[in-house]
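> got a predicted structure here, sequence first:
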Amino acid sequence: MNMTQERWHRHQLRVRYEETDQMGVVYHANYLTWFEIGRTEFIRGLGYSYRRIEDKGLLLPVVEAESKFKKPARYDDLVCIYTRVVEMSSVRLHFAYEVRKLPEALSSGLPNSSDFTTEPEGELLVIGTTKHVWVNPSWKPIRIEKEAPELWQLLTEYT
C-alpha cells in the first residue's frame, strides 16, 4: 500500500551537549537514535506503545536506513523530528523522517511536544528513511494484521 497523504507526527526535543561532537554539531549517528524516537512516538501517538508491541512478542527491526544531511544541528537547538509512514504492507513498514530546527518562538507555540500535523515547520536539517520487517522472537517474518489486528487497524486508519 503506498501512502499519498502526508500526515506527519512531530516530536520536539532540545539538543543535549552529549549529542555533539568535537566540531560542535550533532554527531551523525545520533540522527538514527532520533529516528527511533520519532517512530516510537509516532506509534504512541496512534495510541499504541512500543512496549505493548514487544509484550505481544512482535519485533520491528531496521533492515535499511538512509540519511541525508543538509545543515547541522548544534547544542541547545530546539529541533523537531517529523515522522510519517510512506509505505506499508502486512510484513513491512517504511518510515520517512525530517529533522528540523525550530525557532525559539515556536517552543511555546506548539500545542504539545508530540502530535500530528500536515505541514512540517522549521529549517530542514536532515532527511532520512528506515525500512522495517515485522518478525517474531525467532526472527521469522509475521503478518501484522494477523498477530496484532488492532495495531494494523490503527496504521491503516492513519494512512
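Perfect, I can see it now.
> which other helices and strands contact the lowest-mean-pLDDT helix or strand in the chain?
Sorted by mean pLDDT, DSSP states H and E, the helices and strands of the chain end with strand 114-117, the least confident at a mean of 85. Applying 3 or more C-beta pairs under 8 Å, 6 or more residues apart in numbering; DSSP states H and E, we find strand 114-117 packed against strand 8-14, helix 30-45. Backbone N, C-alpha and C define where each C-beta goes, glycine included.
> continuing past that strand, what's the next helix or strand?
Using DSSP states H and E, the helix or strand that follows strand 114-117 in sequence is strand 123-133.
> how far is the helix or strand just after that next one from where the chain is centred?
Downstream of strand 123-133, the first helix or strand assigned by DSSP H and E is helix 144-147. Taking C-alpha atoms, centre = their mean, to the nearest Å, one finds the center of helix 144-147 at 21 Å from the center of the full chain.
> got the contact list for helix 144-147?
For helix 144-147, contacts defined as C-beta atoms under 8 Å, 6 or more residues apart in numbering pick out 56, 58, 90-91, 134, 136, 151-152, 155.
> apply 10 Å and report the result again.
53, 56-58, 60, 88-93, 134, 136, 151-153, 155-156 (C-beta atoms under 10 Å, 6 or more residues apart in numbering).
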